[in-house]
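Chemist: Need a 3D model of the following:
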Amino acid sequence: MAPRSIFRKSLRFSLLFCRNGHPVEGFASHFGRRLISSSEILAGQDDSTVSYLVNSCGLSPESAVLVSHKVKLQSLEKADSVLALLREYEFSETQISTLVRRHPRILWADAKKTLAPKLEFFCSIGMSRLDLAKTVTYSRSILDRSLENHIVPSFNLLKDVVHSDVKVLGILKCSPWIFRQKLSKTMMPNIELLRELGMPQSSIARLITYYVQIVMREPESFSQLVGEVEQLGFDLRKTFFVQAMLALSGKNKTTWKRNEEAYRRWGWSDNDILSAFRLYPLCMTKSEKKIMGTMDFLVNKMGWHSQKIAKCPHVLCFSFEKRIIPRFSVVKVLMLKGLVEEENVSLSTIVAIPENYFLNKFVTTYLRQVPQLLNVYQGKVDVQDV
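Modeler: Numbering: from 1, shown residues only. Okay, the predicted model is just below:
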């Protein structure tokens, strides 16, 4: 039998008869083998590290073998303290296993002096333990930075810009990676540029809160992006300027080219595309599948002219299943019955008004003439069956 097979079989038996690092009573004497205890570990003994990773951290034997190449446990005292702290902060066993598998060196950390103050800080600013566990599990590197010299200054800097603890927490949960960055050298030069150009504080806060990846670009690249958006005629004082920056940044440029071709297939000219973009920049950030599916439904099934959609591009950004299909199906029935004329209703009215207003205006009002209208709205009856 190959040496590796012998090792794996021996390891499986060792792990099977150990629980939480302690021998299961009876098994050790039965097999005449001394099993690993969680109170001791010998330097360089890989079997012991693997056993600990499986029994105490919840890794599979295969993962434990791989992780043991990255971390060699000399003493279990630190590792036990780290695991105890994570459980105290309500990390699930699955989260602990994932965290150790992805960032095994956390087991070397000083739980009391290094990890605990950082976890406590994030809770003190309003982050729930549930959110904290999720954030740390998938971006453990935020705990690598110094609390006093990096994490706290980064939090304060972001709060100075967005003026809200809640918004900073939103950034932390969605983009924890920025807490690894030196914000004073990466983000702040770009913020200062926007302030000099006259962007309102509310727009700057929105940019950082929802599209922080844009403002983390290199200053030269960021300045070029701002100039490009300005050349397209966007007012830096308006909300759409931020959306245009998103549409023209990074990988969205590839999406832009693909979407241009999609809109051209529906008869839009270059001017139509540019006009639609100026009206609602996010229409250029949607997937080709979303664009083609919505256009096919509205043009081929509902009978709306493609040019009308070009003049109301935000219709493409609503949920296809939850809003576009039910609302336009109802309006289509009303048009077929002669109860509503197309020139008297706009795409914007159909798609943008709140649900209770839509139901009152287009469903409840016509239930006597079309009893099945509510069923059409709920997707229980097709347009052609009414």
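Chemist: buried stuff in stretch 126-146?
Modeler: Of all the residues in stretch 126-146, those buried under the rule 16 or more other Cβ atoms under 10 Å are 127, 132-137, 139-140, 142-145. Using the backbone N, CA and C atoms, a C-beta is placed for each residue, glycine as well.
Chemist: In CSV: those residues, plus secondary structure, distance to Leu172 and pLDDT.
Modeler: As requested, the buried residues of stretch 126-146 are exported to CSV (DSSP: H, G, I helix; E, B strand; the rest coil; distance: Cβ to Cβ, whole Å; pLDDT from 0 to 100):
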residue, secondary structure, distance to Leu172, pLDDT
Met127, coil, 7, 94
Leu132, helix, 9, 94
Ala133, helix, 13, 95
Lys134, helix, 11, 93
Thr135, helix, 7, 92
Val136, helix, 11, 92
Thr137, helix, 14, 92
Ser139, coil, 9, 82
Arg140, helix, 14, 67
Ile142, helix, 8, 83
Leu143, helix, 12, 87
Asp144, coil, 15, 86
Arg145, coil, 13, 88
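Chemist: Could I have the CA atoms of the helix or strand where Leu225 lies written out in CSV?
Modeler: For Leu225, the element it lies in under DSSP states H and E is helix 219-231. The C-alpha coordinates for helix 219-231 follow below in CSV (Å, rounded to 0.1, in the frame of the first residue of the first chain):
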residue,chain,number,x,y,z
PRO,A,219,-6.5,59.6,-9.2
GLU,A,220,-5.4,59.9,-12.9
SER,A,221,-7.9,57.3,-14.0
PHE,A,222,-10.6,58.8,-11.9
SER,A,223,-10.0,62.3,-13.3
GLN,A,224,-10.2,60.9,-16.8
LEU,A,225,-13.5,59.2,-16.0
VAL,A,226,-15.0,62.5,-14.5
GLY,A,227,-13.9,64.3,-17.7
GLU,A,228,-15.5,61.7,-19.9
VAL,A,229,-18.8,62.0,-18.1
GLU,A,230,-18.7,65.8,-18.3
GLN,A,231,-18.0,65.7,-22.1
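Chemist: Run through who's touching that helix.
Modeler: Applying Cβ atoms under 8 Å, 6 or more residues apart in numbering, the external contacts of helix 219-231 come out as 189-190, 193-194, 197, 214-215, 217, 236, 241, 244-245, 248-249.
Chemist: and of those, the nearest to Leu86?
Modeler: Comparing these against Leu86 with Cβ to Cβ places Val215 closest, at 32.3 Å.
Chemist: per-residue pLDDT, that closest one?
Modeler: Confidence at Val215, expressed as pLDDT, is 94.
Chemist: Report the spatially nearest residue to it, omitting neighbours in sequence.
Modeler: Distances taken as Cβ to Cβ, 6 or more residues apart in numbering place Asn190 nearest to Val215, at 5.0 Å, with adjacent residues excluded.
Chemist: how deep is the one you found tucked in, by neighbour count?
Modeler: As a burial measure, Asn190 scores 23 neighbours (other Cβ atoms under 10 Å).
Chemist: What are the phi and psi values at Lys311?
Modeler: phi -90, psi 0 (degrees, to the nearest 10).
Chemist: swap that for Thr94, please
Modeler: Dihedral angles (degrees, to the nearest 10) for Thr94: phi -70, psi -40.
Chemist: Does it touch Leu86 like I think?
Modeler: No. If you go by Cβ atoms under 8 Å, Thr94 and Leu86 don't touch, sitting 11.8 Å apart.
Chemist: contacting residues around the spatially most central residue of the chain?
Modeler: Nearest residue to the geometric centre of the chain (Cα atoms, centre = their mean): Cys174, 5.6 Å. Cys174 sits next to Val212 when contact means Cβ under 8 Å, 6+ apart.
Chemist: For Val212, see how far away it is.
Modeler: 8 Å (Cβ to Cβ, to the nearest Å).
Chemist: for Lys337, same thing?
Modeler: Taken as Cβ to Cβ, the span from Lys337 to Val212 is 50 Å.
Chemist: Which pair in the contacts of helix 219-231 has the greatest spatial separation?
Modeler: The most distant members of the contacts of helix 219-231, if one measures by Cβ to Cβ, are Pro189 and Ala244, lying 20.7 Å apart.
Chemist: between the two, who's got more neighbours?
Modeler: Ranked by neighbour count (other Cβ under 10 Å), Pro189 and Ala244 place Ala244 first, with 25 against 15.
Chemist: my guess is the more buried one is in a helix, correct?
Modeler: Yes. Ala244 sits within a helix when classified using DSSP: H, G, I helix; E, B strand; the rest coil.
Chemist: what's around Gln231, how many residues?
Modeler: 8.
Chemist: repeat for the one 3 residues further on
Modeler: The number of residues packed around Phe234, counting by other Cβ under 10 Å, is 21.
Chemist: Report whether it is found in a strand, as I expect.
Modeler: No. Phe234: not assigned to a strand; according to three-state DSSP it is coil.
Chemist: how far away is it from Leu347?
Modeler: 23 Å.
Chemist: Spell out which residues sit in contact with the spatially closest residue to Tyr211 that is not a sequence neighbour, please.
Modeler: Once flanking residues are discounted, Tyr211 sits nearest to Leu246: 5.2 Å by Cβ to Cβ, 6+ apart. Applying Cβ under 8 Å, 6+ apart, we find Leu246 in contact with 211, 214, 252, 281-282, 285.
Chemist: Before I go, just wanted to say thanks for your time.
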